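>>> sequence first, then the predicted structure:
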Amino acid sequence: MKKKQLAAKLLLPPFPLILLLVSISAAALICVFRSGLESTIPAYACYVLSFYTLCVTCVFCWKTLPRYWRSGKDRLYANRYASRYLTDTTYKTHVNLYRSLLFDLMYVGVNALSAHVYHTHWFALFAVYHGILAAMRFLLLRYMRKHTLGGDRLGELRRARLCACILLTVNLALSAAVLMMIYFHRGWEYRGVLIYAMALYTFYITTTAIIELVRFRKYKSPILSMTKIVKMASALVSMLLLETAMFAQFGGDMPAAHQRIMIMATGGGIAAVVVAMASYMIIRTTNEIRSLR
């Protein structure tokens, strides 16, 4: 019994002590890496302390987060707007389209201004890219504001087909971006820990885009499917930009020729997926429109 109590105290220390351990471990690791002491005895002591801190932090999260999650979820469902967002698929898609359209318009403005100030086609290219995304989301949002999904099947199919045709033009911007990355060494660069945050965000939006793309097929709504396809295309392009940022941050020892091959392979794969998704929607909607006529 005493051994179990001792193990519980070691793995579940008080929360203030966990915060102290995290602070000490982070500071110690920073000092070790900045001073170049990775292979010294103090460094190994820091590694052991950091591993212990990671273990107790994981145990703490495992024990406490589910309780806070349930409590927070109950509070969300108690709110009228939050409950509708979580339970009403059409309303949730509507809100997400508004948010994505707002960000796309913001990116268009920022990139267009940067292209004018710095006299570079790189930012102009991404202003065009986000403009294409904004156009598709505006058309989808406008349809959803005026029509009930499923009420006008023919109109819904036509709007989805139009957006799928517009989506094909994303490949023009994508191809131009890949060419500029290869021949003019363009790309994004994130300083410090920002690259880890961007990597986490990019993997998150890509994962959610894949899950929603599969999940929303059951609604058999071309408009809903098209919104998820647009989100998927945007997430894939973000993965390409993250790859260039990773090369800039960690690819110092990798030959430039290998980096170009990786960029070409990733860009080609993304272009193929975007064309496949757009073509699928065009063929599917066209066949259904013909059958309805």
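Noted; the coordinates are in hand.
>>> nearest the middle, which residue of the protein would you pick?
In the chain, the C-alpha nearest the mean C-alpha coordinate belongs to Ile205, at 2.6 Å (Cα atoms, centre = their mean).
>>> list the contacts for it?
The neighbours of Ile205, taking Cβ atoms under 8 Å, 6 or more residues apart in numbering as the test, are 231, 234-235, 238. (C-beta placed from N, C-alpha, C; glycine too.)
>>> please redo it, this time with the cut-off set to 6 Å
Contacts of Ile205 were listed using Cβ atoms under 6 Å, 6 or more residues apart in numbering, and they are Ala235.
>>> for Ser100, same thing?
Neighbouring residues of Ser100 by Cβ under 6 Å, 6+ apart: Arg137.
>>> where does it land in three-state SS?
helix (DSSP: H, G, I helix; E, B strand; the rest coil).
>>> that one and Leu162, how far apart?
18 Å (Cβ to Cβ, to the nearest Å).
>>> now Tyr81
Distance, Tyr81 to Leu162, by Cβ to Cβ: 31 Å.
>>> and Thr285, by the same measure?
As judged by Cβ to Cβ, Thr285 and Leu162 stand 9 Å apart.
>>> so which residues of the protein form helices?
Listed in chain order, the helices found in the chain under DSSP state H are 2-11, 15-35, 41-78, 80-87, 89-118, 121-146, 153-167, 170-183, 194-215, 222-250, 256-292.
>>> pick the most buried one from those helices.
Looking across the helices of the chain with neighbours counted as mean count of other Cβ atoms under 10 Å, the highest average goes to helix 222-250: a mean of 21.
>>> state the mean pLDDT of that helix.
When pLDDT is averaged along helix 222-250, the result is 91.
>>> next, the angle helix 170-183 makes with that helix.
Taking axes from the mean of the first three to the mean of the last three Cα atoms, to 10 degrees, one finds helix 222-250 and helix 170-183 inclined to each other by 0 degrees.
>>> from the chain's centre, how far out does helix 222-250 sit?
7 Å (Cα atoms, centre = their mean, to the nearest Å).
>>> packing partners of it?
In this structure, helix 222-250 makes packing contacts with helix 121-146, helix 153-167, helix 194-215, helix 256-292, judged by 3 or more Cβ pairs under 6 Å, 6 or more residues apart in numbering; DSSP states H and E.
>>> at 8 Å what do you get?
Of the remaining helices and strands, those touching helix 222-250 by 3 or more Cβ pairs under 8 Å, 6 or more residues apart in numbering; DSSP states H and E are helix 89-118, helix 121-146, helix 153-167, helix 170-183, helix 194-215, helix 256-292.
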